[in-house]
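# everything below, folded, please.
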Amino acid sequence: MKLYFASGNEHKKAELSRLLGGYELVIPKEEGLHFDPVEDGTSFIENATIKAEALYSIVHQPVIADDSGLMVKALGGAPGIHTARYGEEEAGRPLSSKEKYMLLLKSMEGVEDRSAVFATALCLILSDDRRFIIQETCEGSIATAPSGSNGFGYDPVFVIKDNGMICADLPEGEKDRYSHRGKAARLMRLLLDKEEGR
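The predicted structure is shown next:
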């Protein structure tokens, strides 16, 4: 089954392709499609649904969308649904991943409770009347300094609760066992396999 992935993020595409092994993922720009929906939902599920519906309305083929974010308890759940754009409004420009996680570390200076949760919502649309939504989480905490060179986004500063390791210090397969996207994608793959009669 070919799945259109409602994203322009190559890192997410590579990770989701690996997790959904056997399913071809295609992002809009690879087929010259203009895709830039306004993500104005109030939750990960709403934003994943907005992206999936927007792309499905263009291709009318099976579509999968992801919306993910980091929720830090001491910051009142921020950056949350604004994770991808964290700090950019104040800076007045796009920020690199490193700039974002260093800004996060600065905002956490002197904070004792560093607990945090990564969340991923996946929305799959197979036809006009058939859709599936899965949301999963990975509990952990914010490190005091970055570490590791694997992964992307906030992985260098997120400590996984279940193994005490920083995400970016783990090889891909090991990270997949614990990550929010890994958990959600495994469930989605079961659903897709059933759909395909595997």
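
# where do the helices sit along this structure?
Counting by DSSP state H, the chain has helices at residues 10-19, 44-59, 88-91, 97-107, 172-178, 180-196.

# highest mean neighbour count out of these?
Across those, averaging neighbours per residue (mean count of other C-beta atoms under 10 Å) puts helix 44-59 on top, at a mean of 20. The C-beta positions use only the backbone N, C-alpha and C, and glycine is treated the same way.

# now do that helix and helix 180-196, the angle between them.
50 degrees (axes from the mean of the first three to the mean of the last three C-alpha atoms, to 10 degrees).

# ok, and what's touching helix 44-59?
4, 6-7, 28, 33, 35, 37-41, 63-69, 81, 119-125, 131, 133, 135 (C-beta atoms under 8 Å, 6 or more residues apart in numbering).

# so who does the most centrally placed residue in the chain touch?
Centroid-nearest residue in the chain: residue 68, 3.4 Å away (criterion: C-alpha atoms, centre = their mean). Taking C-beta under 8 Å, 6+ apart, we find residue 68 in contact with 12, 44, 83, 118, 119, 120, 121, 180, 181.

# can I get those residues in CSV with distance to residue 147 and pLDDT?
CSV is the format used below for the contacts of residue 68 (distance: C-beta to C-beta, whole Å; pLDDT from 0 to 100):
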residue, distance to residue 147, pLDDT
12, 22, 86
44, 26, 97
83, 20, 95
118, 16, 97
119, 22, 97
120, 22, 96
121, 27, 98
180, 19, 94
181, 20, 92
